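**Student:** Predicted coordinates and the sequence they were generated for:
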Amino acid sequence: MYFAQYYLDCLSQASYLIGDESTGRAVLVDPRRDIDDYLSDAEAAGLRIELVIETHIHADFLSGHLELARATGATIAFGEAAATGFPIRRLRDGECLDLGTGAVGAAVAGTDPAAGGGGVTLTVLATPGHTPESICLVVREHAADEVPFGVLTGDTLFVGDVGRPDLLSAAGHSPHDMALRLRRSLHTKLLTLPDATRVFPAHGSGSACGRNLSTETSSTIGDQRRLNYALQPMPEDEFVRLVTAGQPATPGYFAHDSALNRDGHPLLEPTPLAALTLEEALTARDEHGAALLDCRPLDVYTRAHLTGSLHTSLDTRFAEYAGSVVAPGTPIVLLADAGTEDEARLRLARIGYDRVLGYIPDPAGALAREPALTSVSHRIGMDELPDSCAQLIDVRNPSEFGAGALPGARNLPLATLCDHLTQLDRRRPVVLYCRSGNRSVIAAALLEARGFADVCDVAGGYEALGARVG
């Protein structure tokens, strides 16, 4: 059996290539949009990707199912409850996909994995809860293996957590009902697997698809049965309370990406990125509403940046934070250090932000020539925090805020800050803080770009302030 996990740190996202080396048949599960690594690895291993399976309709990134279908001719498959704007194969609960015999496009008769021909098989488990169409895939190296090699759990089960049940509230799926469905899926499907079964989730630590995800990218059913807080014996109402409370704020681009993954999206078509002058960038902003997005390191940005520019650094969760402060569909001009512009554009494309008009090469040099257009970030230290501040804003997630915050602070998470700017008084100073001082700089840049005149953030964040408030 060929099995490869592809883990994308910048989005905490995992995809999987699984193949039977005796037949060359393979499937790709939860692919990202840039697919070259999958194609080259499959070719090197002598595999043909015949099926692209999505464990659910993703919201946190733009999937590569359409790109892979074009490149390989593979069929796209979702759980039976999925409704999409393009042709798909619907995978039924209990259906067995045999990579060792017969075409992957046809299911093995019946629901018993042993009905296969002895090679690699994937058995579909319908596991609604995170979304109605969520599925998991039980992988066996040999069809008759009593203990599976592993199970791809999508966003149903993570290492240390379970999928959040609240993302589809706006679509009429109550978090309470989805949490109950999630609990049934966990206990009647996944927890019936042998303890030695490896667990391969779709996300890891940092993802907004859950609250308590581990930095580990795999585990076992047995370890999760013992260690995962959400899998411990408890009444239904306690489970619902635990998995619906304190979830991370949902970045604004999630609904956009979910719709594109469901209805279809333009295929990724890399083209040379245009180098723009500072004057051209300002024209794009003033005449076309372009966002000027500075993706240089935080310390470089804070020392000198283009007045009115937004910021999120490539050395952090660049795409997620960009999707929190830039509305979907907005044209973007990048301010990027030499050689980083293509990486920045690729990361934006992974969340469906394709309207990158170009970039300003050598931003530092361009700003040095135009000092009147340059600003320095106003940052304060722990000892400079005012004793009383009418607008002290904590931009961390609700669970972080609930665990401890500065007296008098209001919680407006970065992910949803754009939607709550009217709650702030533009005539009064605003002091922002986060955990370490990264998100607060991003938030300060957003407020300044939106016309707030007196904004500062706390360098070092709540971690640095712990001694003062502890």
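**Tutor:** Nice, thanks for sending it over.

**Student:** Low-confidence regions, the stretch 51-200 of the chain specifically.
**Tutor:** For the stretch 51-200 of the chain, the stretches flagged by pLDDT under 70 are 102-117, 170.

**Student:** Quick test: name the residue nearest the centre of this protein.
**Tutor:** Residue closest to the average C-alpha location in the chain (Cα atoms, centre = their mean): residue 60, at 3.8 Å.

**Student:** Which helix or strand contains that one?
**Tutor:** When elements are assigned from DSSP states H and E, residue 60 belongs to no helix and no strand.

**Student:** List the buried residues of stretch 356-364.
**Tutor:** Residues of stretch 356-364 classed as buried: 356, 357, 358, 359, 360, 361, 363 (neighbour count, 16 or more other Cβ atoms under 10 Å). (C-beta placed from N, C-alpha, C; glycine too.)

**Student:** What pLDDT is listed against the closest residue to residue 362 other than its chain neighbours?
**Tutor:** Using Cβ to Cβ, 6 or more residues apart in numbering and skipping the chain neighbours, the partner closest in space to residue 362 is residue 338 (6.6 Å). Note on residue 338: pLDDT of 90.

**Student:** what's the distance between residue 338 and residue 380?
**Tutor:** Per Cβ to Cβ, to the nearest Å, residue 338 is found 32 Å from residue 380.

**Student:** Which of the two has more residues huddled nearby?
**Tutor:** For residue 338 versus residue 380, neighbours defined as other Cβ atoms under 10 Å are more numerous around residue 380 (15 against 9).

**Student:** What's opposite the more buried one in the beta bridge?
**Tutor:** In this entry, residue 380 is beta-bridged to residue 458, by DSSP bridges.

**Student:** Correct me if wrong: it contacts residue 459.
**Tutor:** Yes. Assessed by Cβ atoms under 8 Å, residue 380 is found in contact with residue 459 at 6.8 Å.

**Student:** Show me the helices in the stretch 51-200 of the chain, by range?
**Tutor:** Ranges of helices within the stretch 51-200 of the chain are 65-72, 175-188, based on DSSP state H, counting those that start in this stretch.

**Student:** what does the stretch 201-350 of the chain give?
**Tutor:** 221-227, 236-244, 253-263, 278-288, 298-303, 318-325, 341-349.

**Student:** Tell me, how many residues neighbour residue 262?
**Tutor:** Neighbour tally, residue 262, other Cβ under 10 Å: 18.

**Student:** before we move on, the earlier item: backbone dihedrals for the residue nearest to the centre of the chain, please?
**Tutor:** Main-chain dihedrals, residue 60, degrees, to the nearest 10: phi -90, psi -10.

**Student:** Assess the claim that it and residue 208 are in contact.
**Tutor:** Yes. With contact defined as Cβ under 8 Å, residue 60 reaches residue 208; the gap is 6.2 Å.

**Student:** Common neighbours of those two, please.
**Tutor:** Among the neighbours of residue 60, those also in contact with residue 208 (Cβ atoms under 8 Å, 6 or more residues apart in numbering) are 251, 254, 320.

**Student:** Who are the contact partners of the nearest residue to the last one once chain neighbours are set aside?
**Tutor:** Same thing as residue 320. Leaving out its chain neighbours, the residue that sits closest to residue 320 by Cβ to Cβ, 6+ apart is residue 251, at 5.9 Å. Listed by Cβ under 8 Å, 6+ apart, the contact set of residue 251 reads 60, 208, 320, 323, 324, 415, 416.

**Student:** again, only this time at 7 Å
**Tutor:** 208, 320, 323, 324, 415 (Cβ atoms under 7 Å, 6 or more residues apart in numbering).

**Student:** ok, the third one to residue 74 distance?
**Tutor:** It refers to residue 323. Per Cβ to Cβ, residue 323 is found 28 Å from residue 74.

**Student:** So if I had to pick from these two, which one is more boxed in?
**Tutor:** residue 323 (26 against 21).

**Student:** circling back: my read: the residue nearest to residue 362 touches residue 359, true?
**Tutor:** No. Contact status for residue 338 versus residue 359: not in contact, 9.9 Å apart, counting by Cβ atoms under 7 Å.

**Student:** tell me the mean pLDDT for stretch 230-244?
**Tutor:** 95.

**Student:** now stretch 362-373
**Tutor:** Here the average pLDDT along stretch 362-373 is 94.

**Student:** Buried residues, it. List them.
**Tutor:** Per 16+ other Cβ under 10 Å, stretch 362-373 contains these buried residues: 363, 366, 367.

**Student:** what does the helix or strand hosting the second one rub up against?
**Tutor:** The reference is to residue 366. Using DSSP H and E, residue 366 sits in helix 363-368. Applying Cβ under 7 Å, 6+ apart, the external contacts of helix 363-368 come out as 278, 294, 296, 304, 306, 335, 360, 373, 374.

**Student:** next structured bit after it?
**Tutor:** strand 374-375.

**Student:** That next one pairs with which strands?
**Tutor:** Strand pairing (DSSP bridges) places strand 374-375 next to strand 305-306 (antiparallel).
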